[in-house]
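K.L.:
pasting the structure only:
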């Protein structure tokens, strides 16, 4: 008998599928599920909960923890379906968010498209006030101008308050926020000194505007989620995944929704990081390929790379500079290509391209037989024989391979004059793998890493299908396909630590700074952070970061430091990190600290060694024909159930290993083995047929 109130549930809403995993904390039993994402995200959440209730008779009354990731915030920003935002800013600076950084992501495009401004000019109000860069009051806040702006913006859904130099002194922003809250109690508002207390005005302003733009929709969604869970008997805690790989409360996510823009991909990276830690991988790349997008992140010694700036809502998915800069802590995610639902087409030059458009869950790929008519990556994988028509998604979704082939013929072959749909399907598969391997290669090189030295850790429904092909192009060491890789993001949710952060922007020259003053400043930030999160204070460990730059330079380098660290070690750490990041030593000038950050972390509950509540269907076939390129053509691939594998088993490709949520493709030139953790490891070597040790 399972103990009541012991289940831990993670639900990740992706563009095509909503994934769920539930683990019984008392005995380690777990169950997974995968359902199609719905137009109304909450419907998908409860469809997933119903799926595991049917499989394992799990009721919400038995759950003590519910962790959630959603693409709602990022989709709201990408689709420009967010709130009507008004902006209050220092008089004379209302055009900062439109002027931006005055750069062009394509120098040679004379008709370049730039991201649309989230706040039209008529809804930007100048407020009479002024702080100096040192935090001194130059001009007092004019309350009448705040009241006048509040009246003008009363009909807006949200208000962003962004004053000049508020990172140095936020008193005027606080006063304006109090007036807005009093005059418009129902209006959502964001304050720049709370959302992104950083030096650069454009980045601070745009982060605050993004927060206000997605805030009303996210806060409404999370409120509905919490109320719906309670109505169904849930009486536990709710956690929301953040872009930095940590977890926060629904209240924090509602107040700072800009921090959860990449929550789904971040969860997949956390799952891969846990695998890297357990396997002792010193250098790996998480490769998360879902139904709509594919993301990658470098992992060193089990720790994913972090960045302080994301480019979000990009006009061109694979062109980094075409998006809005979001200066908030995040995993260093790169978009590396298309997902399973990405649509293949012939462009104006007569060339095959995949994406950026996606069929999503509705109407979905043609092979889903749900109304989709355009060929997708999933359709190509099905035509090539990699996906089992009767075993896809654990047998819950039957694939129509004939529809997939017809879609390729109608929309690809008709534009090229060729006749063989298999060649076209292979072309789609090949283009996707090449695009992804190129992006991973550049990501590694930007971090000073040899792409051939990394291990790929593949998660997501399509990750194990394409990982071995990407490995071959990279010349990488090997691929690890974790247990339940197809629902990796949902598993990552249950591995995410609880985190809270605080940053202070104070410019302090390193010259003349004492070790005691460095320690005192960092501890002051930590004490203030703990005082505002008293419920977590005793159970959380602190890590400290400094943003350091050469005086006169515009950009800084983030350094992880200990408060008691000697100052000479700080200077040498800066030089080392600067060279690794920019490929050259820093200018021999004086150093200064521009940012002081503290993060409190509470480790997640230890995930037990678990055993699956399996619902696998019997299968009579032991092989399946699959296509491996024009040189090898069709081959009989050994067909295996993932659940039947045990540590120590090895085998030579071609092998297709089917799981409830994904398929692992082991190519003819590859060899697979099962490690002690139950992960399938693929190597670029030949070998004998499958056997057990």
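P.N.:
Cool, got the structure. None of these values were measured; they are calculated from a predicted model.

K.L.:
What's the separation between residue 73 and residue 215?
P.N.:
Distance of residue 73 to residue 215, given as CB to CB, to the nearest Å: 9 Å. Yep, even glycine has a C-beta here, placed from its N, CA and C like the rest.

K.L.:
Next, show the common contact partners of the two.
P.N.:
Common contacts of residue 73 and residue 215, defined by CB atoms under 8 Å, 6 or more residues apart in numbering, comprise residue 257.

K.L.:
How many residues are close by residue 297?
P.N.:
Residue 297 sits with 29 neighbouring residues when counted by other CB atoms under 10 Å.

K.L.:
for the residue lying closest to residue 642 once chain neighbours are set aside, phi and psi?
P.N.:
For residue 642, ignoring the flanking residues on the chain, the nearest one in space by CB to CB, 6 or more residues apart in numbering is residue 659 at 4.0 Å. Backbone torsions of residue 659, given as degrees, to the nearest 10, read phi -120, psi 180.

K.L.:
residues contacting residue 659?
P.N.:
By CB under 8 Å, 6+ apart, the contact list for residue 659 reads 464, 484, 485, 486, 642, 643.

K.L.:
Enumerate the positions of stretch 598-605 that are buried.
P.N.:
598, 599, 600, 601, 602, 604 (16 or more other CB atoms under 10 Å).

K.L.:
now do stretch 332-349
P.N.:
332-346.

K.L.:
now swap in stretch 35-50 and tell me
P.N.:
Judged by neighbour count using 16+ other CB under 10 Å, the buried positions of stretch 35-50 are 35, 36, 37, 38, 41, 42, 44, 45, 46, 47, 48, 49.

K.L.:
do the same with stretch 95-102
P.N.:
Here stretch 95-102 shows 96, 97, 100 as buried, counting by 16+ other CB under 10 Å.

K.L.:
just stretch 110-119 next, same as before
P.N.:
Those buried within stretch 110-119 under the rule 16+ other CB under 10 Å are 115, 118, 119.

K.L.:
any idea which of those is closest to residue 438?
P.N.:
residue 115 (24.6 Å; CB to CB).

K.L.:
Might you report the residue contacts of that closest one?
P.N.:
With contacts defined as CB under 8 Å, 6+ apart, residue 115 is in contact with 313, 315, 322, 323, 324.

K.L.:
out of those residues, which are inside strands?
P.N.:
residue 324 (DSSP state E).

K.L.:
Save the contacts of residue 115 as CSV, and put in pLDDT too.
P.N.:
Putting the contacts of residue 115 into CSV (pLDDT from 0 to 100) gives the following:
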residue, pLDDT
313, 75
315, 73
322, 79
323, 82
324, 86
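
K.L.:
still on that earlier bit, which among the buried residues of stretch 110-119 gets closest to residue 224?
P.N.:
For the buried residues of stretch 110-119, the nearest to residue 224 is residue 118 (24.1 Å; CB to CB).

K.L.:
which parts of stretch 218-235 are buried?
P.N.:
Residues of stretch 218-235 classed as buried: 218, 219, 221, 222, 225, 226, 229, 234 (neighbour count, 16+ other CB under 10 Å).

K.L.:
Oh, that last question was meant for stretch 464-483, not what I typed.
P.N.:
By neighbour count on 16+ other CB under 10 Å, the buried set for stretch 464-483 is 464-474, 476-483.

K.L.:
what mean pLDDT does it have?
P.N.:
Stretch 464-483 shows an average pLDDT of 92 in the prediction.

K.L.:
Between the two ends of it, what distance do you get?
P.N.:
Start-to-end span of stretch 464-483 (CA to CA, to the nearest Å) is 11 Å.

K.L.:
Please apply the same query to stretch 312-322.
P.N.:
9 Å.

K.L.:
what residue ranges in this protein score low on pLDDT?
P.N.:
1-5, 317-318, 337, 393-395, 534-538, 605-621, 686-693 (pLDDT under 70).

K.L.:
longest strand anywhere in it?
P.N.:
strand 591-602.

K.L.:
Quick check: neighbours of that one in the sheet, parallel or antiparallel?
P.N.:
Its sheet considered, strand 591-602 pairs with strand 498-504 (antiparallel), strand 508-509 (antiparallel), strand 541-550 (antiparallel) by DSSP bridges.

K.L.:
Residue 211: which of the ones you listed is closest?
P.N.:
Shortest distance between residue 211 and these, using CB to CB, is found for strand 498-504: 14.6 Å.

K.L.:
Help me confirm that residue 268 comes into contact with residue 295.
P.N.:
Yes - applying CB atoms under 8 Å as the test, residue 268 and residue 295 come out as touching, 7.1 Å apart.

K.L.:
of the two, who's got more company?
P.N.:
Between residue 268 and residue 295, residue 268 has the larger neighbour count (other CB under 10 Å), namely 34 against 25.

K.L.:
Quick check: the gap between that one and residue 493.
P.N.:
With distances taken as CB to CB, residue 268 is found 10 Å from residue 493.

K.L.:
got it, and residue 669?
P.N.:
Using CB to CB, residue 669 is found at 35 Å from residue 493.

K.L.:
what does residue 57 give?
P.N.:
22 Å.

K.L.:
Between the two, which has more neighbouring residues?
P.N.:
Set side by side, residue 57 and residue 493 show more neighbours around residue 493, with 34 against 11, by other CB under 10 Å.
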